[in-house]
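Q: my questions concern the predicted model and sequence given below.
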Amino acid sequence: MLRKIAGVAEPLIAPFRVAALSAVKAPVQLVKHPRDFVIVGRRVVAQTLLRPLPFYAIVSTLIGYTVLFVISKVGGAGVRPDALLRQIGGSHVVALAPALSALLFVAASGSATNAWLGSMGLTKQTLALDALGVDRRAYLWAPAWLAAALCYLAVAALFALGMILGGILVCRAHGITNGWELLTGDLLDPRPERLRYAVRAAFLVWIYAWGIASDVVAKGGAPKPEADSVTRGMTASVVACTLWVVGWELVTVLVVFRL
Amino acid sequence: MRVAAIAGVVIVALHGAGFVWLAQHSGGHELAIDVSNVHVDGGPGLVRKRWSETFRGGFTREVGVTQLAGPFQDPAKPACTGRLMIDQQFLTDSVAPVMQKMIDGELRGQSIFPIGDYKKLVGLSLEWAQAESNLGDHRLLGNDGAPHGYVRASARAVFDRVEVPVVVALIPERSGENMKFRIAAQADLDFDNRVLQWVSDKVGADAIATKIAREQIDDVLVTTFAPPPPFDLGGGQTLQFTFCDAPVEIVDNAYGALPFAVVIHRLDAAPEILPPRFALSTRTHARPRSTFAIDLDIDALNALLYEVWRTGWLDDRLAEVGLDRRFNSDPTVTEYLDLRISAVRLALPPVIEPGAGDMLRLAADARVAIASGRQTTVGRVYGALDFKLRMGAQPLVTLGDLELSCERTPTVLVPCYSDLVAAIRGRGNEFQGALTDAFSALVADIFVNRHLGAEGLPVDLVIDRADTSLGGRATLHLELGGKLVPSQ
């Protein structure tokens, strides 16, 4: 019975364990085996950041443009779109960029790394590491975890930049010449009443970074007795990470607005 | 491994707790100024000190405090801050015919030996005069002369046998708190016949002329040449004007001007609050273009504003205008905002001061209660209107400034509703027409259709037109069209 419960709980607990272990082992591995660390890290950076970069750039720019365009129209007849845009500023970026970037990262980058780690397990490469006496958690997980987390931070920043650039196009269309300052104001120099939204966004990006990285590594690094396990691991990771994202979105909203 | 899992959960829990703490401490550094010991330099007038923070994107948060700075006007010694100008044309067109009719009525039926019965009075003319320009009047004016000028009335009284030229000099002089006219008159009966000349001297034509003048002319002139009458504010309150120490100003055959002062009283609850004294006067010496003109120096305007503020008249008018009702019932406000405001109450008397170029700026500091949901805040509103006044053109009134600070406590001010205020300020041009109309209506209310007269006189002076302009940087010049009508 206990074993059954442990089996059910394992996928839930594993990411927390990975987070704690990787946080400890990553610096040690970086110092002791920097070359190994770079090899694994470079692979993960390629999977999670470099290859999907055009995708993130296009999606974020289109979302930035579309969202602000819709906002500029919701006032209806008689409402000046530029007045609406000035009121909105970059708040839509602050509100949407962490969640959207996280969900896209989970789907695109996280799945790639998950599949890579899973296929290594499926093809017994991780067993080979064990046989060679190499600690897979230090050699494989820790660099992958750190690289994935850092890559998400970069993706979140790039995503925000893409949304801002898309928004600038809308601003220009409505004669707002200081679109860059306007849209970055809520991020770089928020007004006092908007500071906590920026703080919330920064916190979310931070916790999504290591949360997603932990889950991806945990699910990807889990035992893969069959090929189907790899896809199940990927799906499970997307589901878990999505829940992680929306859960924190809800909790932080409740805290910020003191509901 | 179990320890690692627990450590991971703990890390997450710590993050959660950390965020709660962070959210509570990330309210931002809101600008908050304790104004209890703030002293604002400058003055006279409404002086303002501002503290502001600018944020990226062109957003500014500002807090300001307004104080009334002296020197102040002295209620015990009202200064000559206004001037009533009466054009020569008014004497000629309006006063002279009335006066001629009145004198004619007085002389009707008179019979004087040897010149016969009085027939009519012809050629009565009145003019503003200076002694230097009328050397022949030297004897008439006597030893005291007329250092500041006089009104020169001349006419011919037609009798059966002769026309008697009469010259009367009406010399304005102060008599205590009032103005009176010292009258000097002479009649020049010049006969070729020595006997008739002797008789004339015995009869005393000068006395006739003087009698005529005493009974009629000075009454009419005193009415004309007097400070504006009290302006009824309702509830027994009036705006009062009074004579002041400065002499009258008479320009030959052009205009006569009477300096006057605005009567002010201290506010019982705050006797230290008084209208500021700028001691600026930029009155011109140009002849009025209308029959009447009033010059109001900035000090006079501020004294008037102070009085209407002190009596509560201004707050009542603001309440009548219903800024709060208009705002609260505005469909846009009711549909989109939960913001409601109370009636605006002026905390200090509004002050007018010279603005940029040919502008006057009216500044005011008011209090308003702002309710948003269940929270009510006291807002300190500072507003300024810029008046551009040009002769012959409608005055242009624009919203010069609008600022709002809120009282976190009665002495600590914080920015509030900045974006809303900025939006209203940005729409200032849209208020231009309404403000201009309101100002024109106010001037018309004060001056137009006012009857100026004195008890016992058969005529009243009615003002039928008022045009405003600037007489220099610090003087409001009002051209008033007027006519004499039978008294009511």
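A: Received the coordinates, thanks.
Q: per-residue pLDDT, the residue nearest to B:Y150 when sequence neighbours are not counted?
A: Spatial nearest neighbour of B:Y150, chain neighbours left out: B:I171 (4.3 Å); criterion: CB to CB, 6 or more residues apart in numbering or on different chains. C-beta: built from backbone N, CA, C; applies to glycine. For B:I171, the pLDDT comes out at 85.
Q: determine the number of other residues adjacent to B:I171.
A: 25 (other CB atoms under 10 Å in any protein chain shown).
Q: quick one: it and A:A107, what's the gap?
A: As judged by CB to CB, to the nearest Å, B:I171 and A:A107 stand 102 Å apart.
Q: can you check B:V414 too?
A: Distance, B:V414 to A:A107, using CB to CB: 45 Å.
Q: likewise for A:H174?
A: 33 Å.
Q: pull the distance from stretch A:104-121 to the chain's centre.
A: Here stretch A:104-121 is found 13 Å from its chain centre; the criterion is CA atoms, centre = their mean, to the nearest Å.
Q: give the buried residues for it.
A: Neighbour-count burial for stretch A:104-121 flags A:104-118, A:120-121 (criterion: 16 or more other CB atoms under 10 Å in any protein chain shown).
Q: got the contact list for it?
A: Counting by CB atoms under 8 Å, 6 or more residues apart in numbering or on different chains, stretch A:104-121 makes contact with A:43-44, A:47-49, A:51-52, A:55-56, A:59, A:126, A:140, A:144, A:148, A:151-152, A:155-156, A:159, A:208, A:212, A:215-217, A:219-224, A:229-230, A:233-234, A:237-238, A:241-242, A:245, all of which sit outside it.
Q: centre-most residue in the chain?
A: Because you didn't say which chain, this covers chain A. In chain A, the residue lying closest to the centroid (CA atoms, centre = their mean) is A:A102, at 3.4 Å.
Q: nope, chain B please
A: Note: chain B centre (CA atoms, centre = their mean) maps to B:L301, 4.2 Å.
Q: contact partners for that residue?
A: Contacts of B:L301 (CB under 8 Å, 6+ apart): B:I352, B:L476.
Q: in terms of helices and strands, where is it?
A: Element membership for B:L301 (DSSP states H and E) is helix B:298-310.
Q: what is the mean pLDDT for that helix?
A: 88.
Q: export that helix as PDB, just CAs?
A: Taking C-alpha atoms only, helix B:298-310 is exported to PDB below (Å, rounded to 0.1, in the frame of the first residue of the first chain):
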ATOM      1  CA  ILE B 298      -4.500  93.800  -9.400                       C
ATOM      2  CA  ASP B 299      -4.900  94.900  -5.800                       C
ATOM      3  CA  ALA B 300      -8.400  96.000  -6.400                       C
ATOM      4  CA  LEU B 301      -9.200  92.700  -8.100                       C
ATOM      5  CA  ASN B 302      -7.700  90.800  -5.300                       C
ATOM      6  CA  ALA B 303      -9.600  92.800  -2.700                       C
ATOM      7  CA  LEU B 304     -12.800  92.100  -4.600                       C
ATOM      8  CA  LEU B 305     -12.000  88.400  -4.800                       C
ATOM      9  CA  TYR B 306     -11.100  88.400  -1.100                       C
ATOM     10  CA  GLU B 307     -14.400  90.000  -0.100                       C
ATOM     11  CA  VAL B 308     -16.500  87.600  -2.200                       C
ATOM     12  CA  TRP B 309     -14.500  84.700  -0.700                       C
ATOM     13  CA  ARG B 310     -14.800  86.100   2.800                       C
END
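Q: what's the following helix or strand after it?
A: With DSSP H and E, the next secondary element past helix B:298-310 is helix B:313-321.
Q: so what's the nearest residue to A:G75 once chain neighbours are set aside scoring on pLDDT?
A: By the measure of CB to CB, 6+ apart, the closest residue to A:G75 outside its immediate chain neighbours is A:L84, 5.0 Å from it. pLDDT recorded at A:L84 is 87.
Q: the one 3 residues further on now?
A: We note a pLDDT of 86 for A:Q87 in this prediction.
Q: mind checking how far it is from chain B?
A: 7 Å (CB to the nearest CB, to the nearest Å).
Q: residue contacts, that residue?
A: A:Q87 is in contact with B:D419, counting by CB under 8 Å, 6+ apart.
Q: any chance you could read off phi and psi for residue 135?
A: You didn't pick a chain, so chain A it is. Main-chain dihedrals, A:D135, degrees, to the nearest 10: phi -70, psi 110.
Q: pLDDT wise, what is it at?
A: What the model reports as pLDDT for A:D135 is 90.
Q: near chain A, which residues of chain B?
A: When proximity is defined by CB under 8 Å from any CB of the partner chain, chain B lies next to chain A at B:1, B:4-9, B:11-12, B:15-16, B:19-20, B:22-23, B:26-31, B:55-59, B:61, B:419, B:423.
Q: and the helices in chain A, which stretches?
A: A:2-32, A:34-45, A:53-74, A:81-88, A:91-105, A:111-122, A:125-131, A:136, A:142-173, A:179-188, A:195-221, A:227-257 (DSSP state H).
Q: nearest to B:A157, of these?
A: B:A157 sits nearest to helix A:81-88 of all these, at 77.9 Å, using CB to CB.
Q: so which residues of the stretch 201-350 of chain B form helices?
A: Under the criterion DSSP state H, counting those that start in this stretch, the stretch 201-350 of chain B contains helices at B:205-212, B:218-224, B:298-310, B:313-321, B:323-329, B:331-336.
Q: for these, which one sits closest to A:K25?
A: Using CB to CB, the nearest of the helices of the stretch 201-350 of chain B to A:K25 is helix B:331-336, at 55.4 Å.
Q: put the alpha carbons of the closest one into PDB.
A: Only the C-alpha atoms of helix B:331-336 are listed here, as PDB (Å, rounded to 0.1, in the frame of the first residue of the first chain):
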ATOM      1  CA  PRO B 331     -22.600  59.700 -17.900                       C
ATOM      2  CA  THR B 332     -18.900  58.800 -18.500                       C
ATOM      3  CA  VAL B 333     -18.200  59.200 -14.800                       C
ATOM      4  CA  THR B 334     -21.200  57.200 -13.600                       C
ATOM      5  CA  GLU B 335     -20.500  54.400 -16.100                       C
ATOM      6  CA  TYR B 336     -16.700  54.100 -15.800                       C
END
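Q: and that helix, what does it pack against?
A: With contacts defined as 3 or more CB pairs under 8 Å, 6 or more residues apart in numbering or on different chains; DSSP states H and E, helix B:331-336 has no helix or strand neighbours.
Q: how many neighbours does B:R287 have?
A: 14.
Q: which residues touch it?
A: B:D87, B:Q88, B:V251, B:A254, B:Y255.
Q: chain A: which of those is nearest?
A: Nearest to chain A among the contacts of B:R287: B:D87, at 51.2 Å, using CB to the nearest CB.
Q: for the closest residue in space to the closest one that isn't next to it in sequence, give its distance to B:G256.
A: Nearest non-adjacent residue to B:D87, counting by CB to CB, 6+ apart: B:P288, 4.6 Å away. Using CB to CB, we find B:P288 at a distance of 10 Å from B:G256.
Q: neighbour-wise, which of those two wins?
A: Legend: neighbour count by other CB under 10 Å for B:P288 and B:G256, higher for B:G256 (26 against 22).
Q: tally of neighbours for B:D232?
A: 10.
Q: so it bridges to which residues?
A: B:D232 forms beta bridges with B:T238, as assigned by DSSP bridges.
Q: check what pLDDT it gets.
A: In the predicted model, B:D232 carries a pLDDT score of 71.
Q: ok, now B:L404?
A: Value listed for B:L404 in the pLDDT field: 91.
Q: pretty sure it sits in a strand.
A: Yes: the assignment for B:L404 by DSSP: H, G, I helix; E, B strand; the rest coil puts it in a strand.
Q: among the residues of chain B next to chain A, which are in strands?
A: B:F55, B:F59, B:R61 (DSSP state E).
Q: so what's the last one bridging to?
A: With DSSP bridges applied, B:R61 shows beta-bridge pairing to B:E53.
Q: where does the stretch 201-350 of chain B get nearest to chain A, which residue?
A: B:T332 (9.0 Å).
Q: how much space between that residue and A:P143?
A: From B:T332 over to A:P143 (counting by CB to CB), the distance is 58 Å.
Q: much appreciated, bye for now.
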